[in-house]
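Novice: Here is my input; please provide its structure:
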Amino acid sequence: MPTILIVEDEAKMRRLLELNLGEDGFTTLSAGDAESGLKLLRENTVDLVVTDLKLPGMNGLEFLQTIKRQNAAMPVVVMTAFGSVETAVEAMKAGASDYVLKPFSLGEMRMVIRKELDVHNLREENRSLREALGKRYAHPNIVARSPKMQEVLAMLERVAPTNSTVLLGGESGVGKDLIARAIHEKSRRASGPFIKINSTAIPENLLESELFGYEKGAFTGANNSKPGKFELADKGTLFLDEIGDVPPATQVKLLRVLQEREFERLGGTRTVKVDVRLIAATNRDLREALEQGTFREDLYYRLNVVPIDIAPLRQRKEDIPELVNLFISRFAADSGKPVKSITPEAMQILVNYHWPGNVRELQNIIERACALAKGTVLEAADIHLDVRPAKAANGTSGFLPEGMTLEHWEDEMIREALRRANGNKSQAARLLGLSRNALRYRLSKIGIADEGEKET
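Specialist: Next comes the predicted model:
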């Protein structure tokens, strides 16, 4: 069993933790000050440290920093008084794995320790992740031919059996909801509910009641009591999409649920206890939100236990052919069209596109192509891409869509001209204001054969 070092100057609290963790099967070592704790660390193999932040002599923050200099991977759980949350956040910045506020229940401490040991084991396994990628990971409905998606599935396999909070990052449309569901399906909670909520799809003044429920009479129109998403997800998983847009007042209540696994319904006084694993997702940079003061630091550190970033489609183009074939089989059946495959030229158009809308945009393009196709094979003329310039993030007009180079933009214009000319290259050349020879040269660069059609 893991060995836990307890550093606490209050003898009764130290003894209580020793007995309680010992009953759980852990081996415990204890010290009344940081200096004695460091001596025990040098002399013993320790798996996790629990320390108070207020210690005689060297304080808990200095103790933590010393531990991290000697062993950066050592998980450290800090204890602090209820009124010293800011100090706990400083400890998290210095490398603490988690914190508990005094007074705390022994059940809460056991839960935090088990979670941190799970995460530590996960991170140790990930040291050999690159080597382990020789093994191919797969999951139904998730295409992962590219190395970047193989890394995501490898992380998924490791984190799913734990109860750790997961923070999924990535642009809109990359498939964060599929990864969240896959984590649930591979977890010990798979038989429980999977509840999804998108914070941007719900008005700000209703989000709190959607998450935590409300009691009858809590507000005008609340004619009956209603459970929230956290109650509905009990013994299962709650997927909270667009966590970065949650308003500050709701962030406070979310933090409490993550710390204490309990809350009150809106307008209620009864405390509701839940056993829920939270998977959060965002397409925003939460560190930037921290700097702007729109997202709580303590909540960020509670959420960012196991971060998984999903690359945009333009960075994993190896996945595009398999995604295309998956969507063709799905939408051909739905539309009743006998579409079975796609020409190499049409596939090349899709592979070369920059995909600002990611997998969701690719799915829409294939659905449109299948609905409008005239035959059993999708041709280049069936692929209708949105090649309008995108607006820059700061509101000023961008020269090119995000992620697209000038060369790619020119290639897209040539393909669009071919589509509008129904494949007639002479007409396409006129649309582009090029000579036939100039177009022939550009076609050869992007791999489109020139059959030497008759001039028109």
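Novice: in this structure, which helix has the most residues?
Specialist: helix 106-125 (DSSP state H).
Novice: which helices and strands does it pack with?
Specialist: In terms of contacts (3 or more Cβ pairs under 8 Å, 6 or more residues apart in numbering; DSSP states H and E), helix 106-125 is packed against helix 11-23, strand 48-52, strand 76-81, strand 98-102, helix 147-159. The way it works is simple: take the backbone N, C-alpha and C, and place the C-beta from them, glycine included.
Novice: Closest to the centroid, which residue in the protein?
Specialist: Leu168 (0.5 Å; Cα atoms, centre = their mean).
Novice: Assign that residue to helix, strand or coil.
Specialist: strand (DSSP: H, G, I helix; E, B strand; the rest coil).
Novice: likewise Leu5?
Specialist: Leu5 ends up strand, using three-state DSSP.
Novice: tell me which element Phe219 falls in.
Specialist: Element membership of Phe219 [criterion: DSSP states H and E] is none; it lies in no helix or strand.
Novice: confidence score at it?
Specialist: pLDDT recorded at Phe219 is 77.
Novice: any idea how far it is from Lys229?
Specialist: 18 Å (Cβ to Cβ, to the nearest Å).
Novice: Compare neighbour counts for the two and give me the winner.
Specialist: Lys229 (19 against 12; other Cβ atoms under 10 Å).
Novice: so Val152 makes contact with Ala144?
Specialist: Yes - Val152 is in contact with Ala144 according to Cβ atoms under 8 Å; the separation is 7.0 Å.
Novice: The two: which is more packed in?
Specialist: Using other Cβ under 10 Å as the criterion, Val152 and Ala144 rank with Val152 on top: 26 against 21.
Novice: Share the number of residues neighbouring Gly293, please.
Specialist: For Gly293, using other Cβ under 10 Å, the count is 9.
Novice: Would you mind listing the outside residues contacting stretch 67-84?
Specialist: 8, 38, 41, 46-54, 60, 64, 87-88, 91, 94-104, 109, 112-113, 116-117, 119-120, 123-124 (Cβ atoms under 8 Å, 6 or more residues apart in numbering).
Novice: and it, how far from the chain's centre?
Specialist: 25 Å (Cα atoms, centre = their mean, to the nearest Å).
Novice: go on, stretch 354-371?
Specialist: Distance, centroid of stretch 354-371 to centroid of chain: 22 Å (Cα atoms, centre = their mean).
Novice: mind listing what's buried in that stretch?
Specialist: Within stretch 354-371, the residues that count as buried by 16 or more other Cβ atoms under 10 Å are 354-359, 361-363, 365-367, 369-370.
Novice: now stretch 223-235
Specialist: 226, 228-231, 233-234.
Novice: cool, and stretch 233-252?
Specialist: 233-234, 236-246, 250-251.
Novice: Also stretch 16-33?
Specialist: Here stretch 16-33 shows 17-18, 21, 26, 28-33 as buried, counting by 16+ other Cβ under 10 Å.
Novice: Run through who's touching it.
Specialist: Residues contacting stretch 16-33 (Cβ under 8 Å, 6+ apart): 1-9, 11, 14-15, 37, 39-40, 44, 46, 50, 55-58, 106, 109-110, 113.
Novice: What of stretch 176-196?
Specialist: 139, 141-142, 152, 156-157, 159-163, 166, 168, 170, 229, 232-239, 241, 277, 279, 281, 308, 310.
Novice: that older thread, go through the buried residues of stretch 223-235 and flag which are in helices.
Specialist: Judged by DSSP H, the subset of these located in helices is 229-231.
Novice: Now stretch 226-238: average pLDDT?
Specialist: 94.
Novice: Restricting to C-alpha, output that stretch in PDB.
Specialist: In PDB, the C-alpha atoms belonging to stretch 226-238 read as follows (Å, rounded to 0.1, in the frame of the first residue of the first chain):
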ATOM      1  CA  LYS A 226     -36.900  20.500  -9.800                       C
ATOM      2  CA  PRO A 227     -33.500  18.600  -9.500                       C
ATOM      3  CA  GLY A 228     -30.500  20.100 -11.300                       C
ATOM      4  CA  LYS A 229     -28.000  18.400 -13.600                       C
ATOM      5  CA  PHE A 230     -25.700  17.500 -10.700                       C
ATOM      6  CA  GLU A 231     -28.400  15.500  -9.000                       C
ATOM      7  CA  LEU A 232     -29.400  13.900 -12.300                       C
ATOM      8  CA  ALA A 233     -25.700  12.900 -12.800                       C
ATOM      9  CA  ASP A 234     -25.300  11.300  -9.400                       C
ATOM     10  CA  LYS A 235     -23.200   8.100  -9.600                       C
ATOM     11  CA  GLY A 236     -22.300   9.100 -13.100                       C
ATOM     12  CA  THR A 237     -20.600  11.800 -15.100                       C
ATOM     13  CA  LEU A 238     -21.500  15.500 -15.700                       C
END
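Novice: Which parts of the stretch 201-350 of the chain are helices?
Specialist: 204-212, 229-232, 248-260, 286-292, 297-303, 320-335, 344-352 (DSSP state H, counting those that start in this stretch).
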